[in-house]
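> Sequence first, predicted coordinates after that:
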Protein chains: 2
Amino acid sequence: MSNRLSRQERLIILSQELIKRSGELISLDELAEKYKIARSTISEDLSLIREALEVWGRGEMQSSSGVGGGVRFVPVIGSEEAKNFLHNVKGRLEERGRVLPGGFLYTTDLLTHPGITSKIGEIFATIFNKVSPDVIVTMETKGIPAAIMTARYMGVPLVIIRRENRPTEGSTVSINYISGSTQKVQLMTLGRRALEGRERAIFIDDFLRGGGTVRGAIALLKEFNAQVVGVGIVILGSPGIKDAFSIPITPLFVLESIDETLSEAKVRISESICEFFGWKKED
Amino acid sequence: MSNRLSRQERLIILSQELIKRSGELISLDELAEKYKIARSTISEDLSLIREALEVWGRGEMQSSSGVGGGVRFVPVIGSEEAKNFLHNVKGRLEERGRVLPGGFLYTTDLLTHPGITSKIGEIFATIFNKVSPDVIVTMETKGIPAAIMTARYMGVPLVIIRRENRPTEGSTVSINYISGSTQKVQLMTLGRRALEGRERAIFIDDFLRGGGTVRGAIALLKEFNAQVVGVGIVILGSPGIKDAFSIPITPLFVLESIDETLSEAKVRISESICEFFGWKKED
């Protein structure tokens, strides 16, 4: 490892480090020691990076000065990048053959794809950045990849609500709820250690139809004195349900119709997203 | 958005883009068009980035030339960074109060922490890079965050084996297996669409005690003509079990002992990891 890094090299290495440690408060002293350069040089490098990222709408860099000074980087997705990405995923959701028996839309391949879930995380992080949540909450299983990516870009922990009691969670708090889509009573459980209490939480999930899961999650979090301050959903299955909640529901897509005979679905980018990025509503 | 990017700005933006799109083949034409600069300029920028990353042991950049030319970036974690990280996590695993009734070690907070799982993913990606898998496979729930991060750094899809049949997976293949730790017959199920067949898979999971889950996953993947070519485990609960498999098992940590009275565990960094990074075995 060479001791004399050129500015160009430093910019490359630091840029990657910021992305990898999104949301984390990184102290200038740590960086100075790690790269064996003066704090003032690190400061200058970070200013250059901040400018480039802000000009390109790639993120915000909050800095605190003084002895314990540091930077916290939160990536932001640009409007054009978000648009291309969402149109691309919409196309994939509308591919023929995705409709399963019972009228379910097959989304598992997309929701476990690292590139796709990572961009979904970036979009949710961009949207919920202003709300400053303390924690991201999701319900096992299919929403986990998008939720951990959101948590990562925001630099906050993820908490996973489970469908059954597991001995590896220690003592738990459980509630029953009625699943809106199946009308069956189901269990939701969360380890007592998962939350300290009073957290502001964003709930992220893959699909919302009846809203039972969201209502259950809100009730379960209330047991911890924690509060759901936002809900991010990848696909909203029933457009009307949004108004049944006092908390804003932010879906990326809305499922408009399902044709079981043709095995085709019609999907649109949600109004919430169009509004957020200032796009014209889809026609 | 300014049209004239300085080289410094380009290096910053491109460095971040490479990390975000790890494992993906990115075409030079796409980058040239996106940033409105000549292909040759992009090539020069990428060479500078490649050098900085390789000098600092931060990753490998494979490039293919010609009309369809592009780059594929695979991050690599440096030995010192891995060591600091693993010692830090070992410390957290040994914190008093982590031992639950029944002698279970509480790891959920660490395994859903975005910073920790992302580094675990980077380590597994560094280790399994040479094996060139087509897919990462995990079993719901607790291993998912580390598995999606591994998949992301390697640029391959993730596939999640589930414990129950869900209508949203379409037709599935299921097997029963005997859980090594509970000695109960359990179900493992995977959607037919999840794999095309003949994939080379790395199985990632949070904990291995009896080995039943790994054996089950191998059998289930065989049904798809897919093959498990490596196993990455965060914590190995029983050191001896490793030799019972013909496939190499790579744990990060080994659980040495549990003291229920003191609620304390003793954990060490595994020999596999020490060997891989060329560290002296822990004493």
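Right, received. Where do you want to start?
> Every contact and neighbour count from this point should use C-alpha atoms.
Noted.
> any idea how far A:T107 lies from A:L100?
10 Å (Cα to Cα, to the nearest Å).
> can you pull out the strands in the stretch 151-283 of chain A?
Secondary structure of the stretch 151-283 of chain A by DSSP state E, counting those that start in this stretch: the strands cover A:158-161, A:172-178, A:185-191, A:200-208, A:227-236, A:249-259, A:264-269.
> Out of these, which is closest to B:G211?
Closest to B:G211 of the strands of the stretch 151-283 of chain A, according to Cα to Cα: strand A:158-161, at 24.6 Å.
> what sits up against that closest one?
A:135-140, A:144, A:147-148, A:151, A:188-190, A:194-195, B:109, B:112-114 (Cα atoms under 8 Å, 6 or more residues apart in numbering or on different chains).
> so of those, which ones are in helices?
A:144, A:147-148, A:151, B:109, B:114 (DSSP state H).
> Which member of the residues you listed is positioned nearest A:Q8?
Distances from A:Q8 to these, taken by Cα to Cα, are shortest for B:P114, at 28.8 Å.
> Isn't that closest one up against A:A147?
No: judged on Cα atoms under 8 Å, B:P114 makes no contact with A:A147 at a distance of 9.8 Å.
> quick one on the thing from earlier: adding mean neighbour count and mean pLDDT, write the strands of the stretch 151-283 of chain A out as CSV.
Listed next are the strands of the stretch 151-283 of chain A as CSV, based on neighbours: other Cα atoms under 10 Å in any protein chain shown; pLDDT from 0 to 100:
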stretch, mean neighbour count, mean pLDDT
strand A:158-161, 26, 98
strand A:172-178, 17, 94
strand A:185-191, 19, 95
strand A:200-208, 25, 97
strand A:227-236, 23, 98
strand A:249-259, 20, 96
strand A:264-269, 20, 97
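> Secondary structure element for A:R96, which one?
Using DSSP states H and E, A:R96 sits in no helix or strand.
> Could you pull up the contacting residues of the residue nearest to it when sequence neighbours are not counted?
Nearest in space to A:R96, with sequence neighbours left out and distances taken as Cα to Cα, 6 or more residues apart in numbering or on different chains, is A:E264 at 4.9 Å. Taking Cα under 8 Å, 6+ apart as the criterion, A:E264 is in contact with A:94-99, A:258.
> What about those, which one has the most neighbours?
Among the contacts of A:E264, A:V99 has the most neighbours (other Cα atoms under 10 Å in any protein chain shown), with 24 neighbours.
> How much space separates that residue from B:T213?
Counting by Cα to Cα, the gap from A:V99 to B:T213 is 31 Å.
> Over to A:K119. Which of the three states is it?
Look at A:K119: counting by DSSP: H, G, I helix; E, B strand; the rest coil, its state is helix.
> Report the separation between it and chain B.
A:K119 sits at a distance of 9 Å from chain B (criterion: Cα to the nearest Cα, to the nearest Å).
> Of the ones in helices among the contacts of strand A:158-161 - the most surrounded one?
Of all those, A:I148 has the most neighbours under the rule other Cα under 10 Å, reaching 35 neighbours.
> Can you measure across stretch A:237-251, start residue to end residue?
Criterion Cα to Cα; first-to-last residue distance in stretch A:237-251 is 10 Å.
> about what we covered before: do you know which of the strands of the stretch 151-283 of chain A lies nearest A:A219?
Per Cα to Cα, nearest to A:A219 of the strands of the stretch 151-283 of chain A: strand A:172-178, 8.1 Å.
> What pairs with the closest one, parallel or antiparallel?
Within its sheet, strand A:172-178 is paired with strand A:185-191 (antiparallel), according to DSSP bridges.
> thinking again about what came up before, from the ones in helices among the contacts of strand A:158-161, which single one is nearest A:M61?
Nearest to A:M61 among the ones in helices among the contacts of strand A:158-161: A:A151, at 17.2 Å, using Cα to Cα.
> Would you mind confirming that that closest one makes contact with B:I116?
No: counting by Cα under 8 Å, B:I116 is not a contact partner of A:A151; they are 11.7 Å apart.
> how does chain A divide into domains?
A:7-75, A:79-277 (automatic domain parsing).
> Comparing the ones you listed, which yields the minimum mean pLDDT?
Here the lowest mean pLDDT among these goes to domain A:7-75, at a mean of 90.
> and the end-to-end length of that domain?
End to end - Cα to Cα - domain A:7-75 spans 22 Å.
> That domain near chain B anywhere?
Yes: judged by Cα under 8 Å from any Cα of the partner chain, domain A:7-75 comes into contact with chain B at A:8-9, A:11-13, A:15-16, A:19-21, A:48-49, A:52-53, A:55-56.
> What is the nearest of those residues to B:F224?
Nearest to B:F224 among the residues of domain A:7-75 next to chain B, counting by Cα to Cα, is A:K20 at 34.8 Å.
> who in the stretch 151-283 of chain A is up against chain B?
Taking Cα under 8 Å from any Cα as the contact definition, the stretch 151-283 of chain A meets chain B at A:151-152, A:155-160, A:167-170, A:194.
> before we move on, the earlier item: and of the domains of chain A, who's closest to B:I204?
domain A:79-277 (14.2 Å).
> Quick one: distance of the closest one to the chain centre.
Relative to the chain's own centre, domain A:79-277 is displaced by 9 Å; criterion: Cα atoms, centre = their mean, to the nearest Å.
> swap in stretch A:75-86?
Its chain's C-alpha centre and that of stretch A:75-86 lie 14 Å apart, by Cα atoms, centre = their mean.
> in it, what counts as buried?
Using 16 or more other Cα atoms under 10 Å in any protein chain shown as the test for burial, stretch A:75-86 gives A:75-79, A:82-83, A:86.
> can you list those in CSV and add distance to A:C274 and secondary structure?
Below are the buried residues of stretch A:75-86 laid out as CSV (distance: Cα to Cα, whole Å; DSSP: H, G, I helix; E, B strand; the rest coil):
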residue, distance to A:C274, secondary structure
A:P75, 20, strand
A:V76, 16, coil
A:I77, 14, coil
A:G78, 13, coil
A:S79, 10, helix
A:A82, 10, helix
A:K83, 9, helix
A:L86, 11, helix
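> so what sits against both of A:T107 and A:L100?
Residues touching both A:T107 and A:L100 (Cα under 8 Å, 6+ apart): B:T168.
> Touching stretch A:126-134 from outside, list them.
So stretch A:126-134 is in contact with A:75-77, A:154, A:156-157, A:199-202, A:229-230, A:276, going by Cα under 8 Å, 6+ apart.
> if you set the cut-off to 7 Å instead, what comes out?
A:76-77, A:156, A:199-202 (Cα atoms under 7 Å, 6 or more residues apart in numbering or on different chains).
> Flag every buried residue along that stretch.
A:126-128, A:133-134.
> Looking at those residues, which one is closest to A:G70?
A:D134 (19.5 Å).
> and A:F245, how many neighbours?
There are 11 residues near A:F245, going by other Cα under 10 Å.
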